[in-house]
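Visitor: Provided below are the primary sequence and the corresponding predicted coordinates.
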Amino acid sequence: MDDDLFPNTTEYYDIDYSALEPCHKADVRRVGARLLPPLYALVFVCGVLGNTLVVLTLIHCKKLRSMTDIYLLNLAVSDLLFLLVLPFWAHYVTFQWSFGHVACQLLTGVYTLGFFSGVFFIVLLTVDRYLAIVHAVFALKARTVTAGVAISAATWLLSALLSLPRALFARTQQELSRHTCSPHFPRSQYQLWRNFQAFTVLLVGLVLPLLVMVICYSGILHTLLRCRNEKKRHRAVRLIFVIMVAYFLFWAPYTIVLLLYTFPAFFDLDNCDSSRRMDRAMQGSETLGMMHCCINPIIYAFVGEKFRRYVLVFFQKHIAKHLCRHCSIFHRDIPDHASSLYTRSTGEQQEISVGL
């Protein structure tokens, strides 16, 4: 049985690698069955509400008029795909896999697709901000809605290709007293596929986004620090700092634990006690990574002053008026003026994209 990649919180190795004797982990499984479902439920509710509001606001208020809007919409959809599988994992952790072989493959594929596509759209948003601020003249021609749709389609295709092996190798089977859903690689290629899965998550999930963020945000900060508008400069720098730190804090622990989990012998962890500790670390780190889906609407949308104004407009037009038709405060028009900055490179008013 191999369960070294998501969902890691459901199954655990039952082998002591050093002695090739059974390594009992009933206590680890019991703790997971008690703690993980409530955490999954909390992440699911908060993440679905936040990302759904982002989708509705982008469609009804912003009308998807820019490349940034397209990427934000796709990021929210990626997070929703990732989140919609959590109720099934919660049931799995508590009881056993009860949904059959096809659902095992489908839900594993959807979960993995949500993970990879979410990372890619975070990277695309970072590059989008870099172009809009550092290369403003080029961005006026390149950052079109058509280009955003085409790049998004290619991103979904790449994410699906990366997710396909995980879905195809997913299997259900009876193990001890319960049914499981986990990847089962061919014996002759077991280590090859296992290493491929681990390195894919490591490279795509941590190395690529952090490398892009460091390069792009270094250029953004260098440009913004020459901005005369002190208030806008500090707000943009603060947002960039939050984006970088949040992504690293939420996903770095998982990728580090995954690396240790995949190569236990190399790190002298191939014994039962270490395996137990790694299982607990995997439970915590993967759940922490899942919580990033709840943070995305905040750091990519609600932190932005302009987007908050759009959310307020959406609430006023589509929700508040139906709740209280006679409340005059809900019938006032909210001004929708974009925050802008005079850029010396273009000689015209250019919106600061980092504020969204």
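Guide: Alright, I've got the coordinates.
Visitor: so which bits of stretch 99-109 are buried?
Guide: Residues 104-105, 107-109 are the ones in stretch 99-109 that count as buried (16 or more other C-beta atoms under 10 Å). Backbone N, C-alpha and C define where each C-beta goes, glycine included.
Visitor: restrict it to CA atoms and write it as PDB.
Guide: Extracted in PDB, the C-alpha atoms of stretch 99-109 (Å, rounded to 0.1, in the frame of the first residue of the first chain):
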ATOM      1  CA  PHE A  99     -17.900   5.100  -2.400                       C
ATOM      2  CA  GLY A 100     -16.500   2.500  -4.800                       C
ATOM      3  CA  HIS A 101     -13.600   2.200  -7.200                       C
ATOM      4  CA  VAL A 102     -14.700   4.800  -9.800                       C
ATOM      5  CA  ALA A 103     -15.400   7.400  -7.100                       C
ATOM      6  CA  CYS A 104     -11.900   6.700  -5.600                       C
ATOM      7  CA  GLN A 105     -10.200   7.400  -8.900                       C
ATOM      8  CA  LEU A 106     -12.400  10.400  -9.800                       C
ATOM      9  CA  LEU A 107     -12.200  12.100  -6.400                       C
ATOM     10  CA  THR A 108      -8.400  11.500  -6.200                       C
ATOM     11  CA  GLY A 109      -8.000  13.100  -9.600                       C
END
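Visitor: which residues sit against it?
Guide: With C-beta atoms under 8 Å, 6 or more residues apart in numbering as the test, stretch 99-109 has contacts from 7, 85, 88, 97, 163-164, 166-168, 170-172, 181, 183.
Visitor: kindly recompute the last result at 6 Å.
Guide: 85, 88, 163, 166-167, 170, 172, 181 (C-beta atoms under 6 Å, 6 or more residues apart in numbering).
Visitor: in the stretch 101-250 of the chain, where is pLDDT below threshold?
Guide: Judged against pLDDT under 70, the low-scoring parts of the stretch 101-250 of the chain cover residues 228-240.
Visitor: filter the buried residues of stretch 99-109 down to just the ones in helices.
Guide: Secondary structure defined by DSSP state H assigns 104-105, 107-109 of the buried residues of stretch 99-109 to helices.
Visitor: closest to I133 among these?
Guide: G109 (36.4 Å; C-beta to C-beta).
Visitor: next, find the distance separating L53 from N296.
Guide: In this structure, L53 and N296 are 12 Å apart, going by C-beta to C-beta, to the nearest Å.
Visitor: the more surrounded of the two?
Guide: Counted by other C-beta atoms under 10 Å, L53 and N296 do not tie: N296 has more neighbours, with 27 against 18.
Visitor: contacting residues for the spatially most central residue of the chain?
Guide: The C-alpha lying nearest the average C-alpha coordinate of the chain belongs to G118 (C-alpha atoms, centre = their mean; 4.5 Å). G118 is in contact with 78-79, counting by C-beta under 6 Å, 6+ apart.
Visitor: try it again with 7 Å
Guide: In this structure, G118 makes contact with 75, 78-79, 82, judged by C-beta atoms under 7 Å, 6 or more residues apart in numbering.
Visitor: got the ones in helices among the buried residues of stretch 99-109 as CSV, with distance to T57 columns?
Guide: Below are these laid out as CSV (distance: C-beta to C-beta, whole Å):
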residue, distance to T57
C104, 35
Q105, 34
L107, 28
T108, 31
G109, 29
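Visitor: picking up where we left off before, what's the first helix or strand after the helix or strand harbouring the residue nearest to the centre of the chain?
Guide: G118 belongs to helix 100-134 when elements are defined using DSSP states H and E. Where DSSP H and E defines the elements, the next helix or strand beyond helix 100-134 is helix 136-142.
Visitor: for A265, see how far away Q189 is.
Guide: Q189 is 19 Å from A265, by C-beta to C-beta.
Visitor: oh sorry, the question was meant for L39
Guide: Distance from L39 to A265, by C-beta to C-beta: 31 Å.
Visitor: between those two, who's got more neighbours?
Guide: Taking other C-beta under 10 Å, L39 and A265 do not tie; L39 has more neighbours (18 against 10).
Visitor: burial check on the closest residue to that one other than its chain neighbours, number of neighbours?
Guide: Closest residue to L39 apart from its sequence neighbours, by C-beta to C-beta, 6 or more residues apart in numbering: T287 at 5.3 Å. By other C-beta under 10 Å, 19 other residues sit near T287.
Visitor: try C46
Guide: Around C46 there are 16 residues (other C-beta under 10 Å).
Visitor: could you report the separation of it from T112?
Guide: For C46 relative to T112 (C-beta to C-beta), the value is 22 Å.
Visitor: same question, E175
Guide: 22 Å.
Visitor: please enumerate the strands of the stretch 1-150 of the chain.
Guide: Here the stretch 1-150 of the chain has its strands, by DSSP state E, counting those that start in this stretch, at 15-16, 21-22.
Visitor: and the ones you listed, which one averages the lowest pLDDT?
Guide: For the strands of the stretch 1-150 of the chain, mean pLDDT drops lowest on strand 15-16, to a mean of 36.
Visitor: so which residues of this protein form helices?
Guide: 26-57, 67-84, 86-94, 100-134, 136-142, 145-168, 190-202, 208-224, 230-262, 272-290, 292-297, 305-315, 321-323.
Visitor: so how far is stretch 141-157 off the chain centroid?
Guide: Centre-to-centre, stretch 141-157 and its host chain are 19 Å apart (C-alpha atoms, centre = their mean, to the nearest Å).
Visitor: that one: which residues count as buried?
Guide: Buried-residue list, stretch 141-157, by 16+ other C-beta under 10 Å: 143, 148, 151-152, 155-156.
Visitor: spatially nearest residue to T200, not counting backbone neighbours?
Guide: L162 (6.1 Å).
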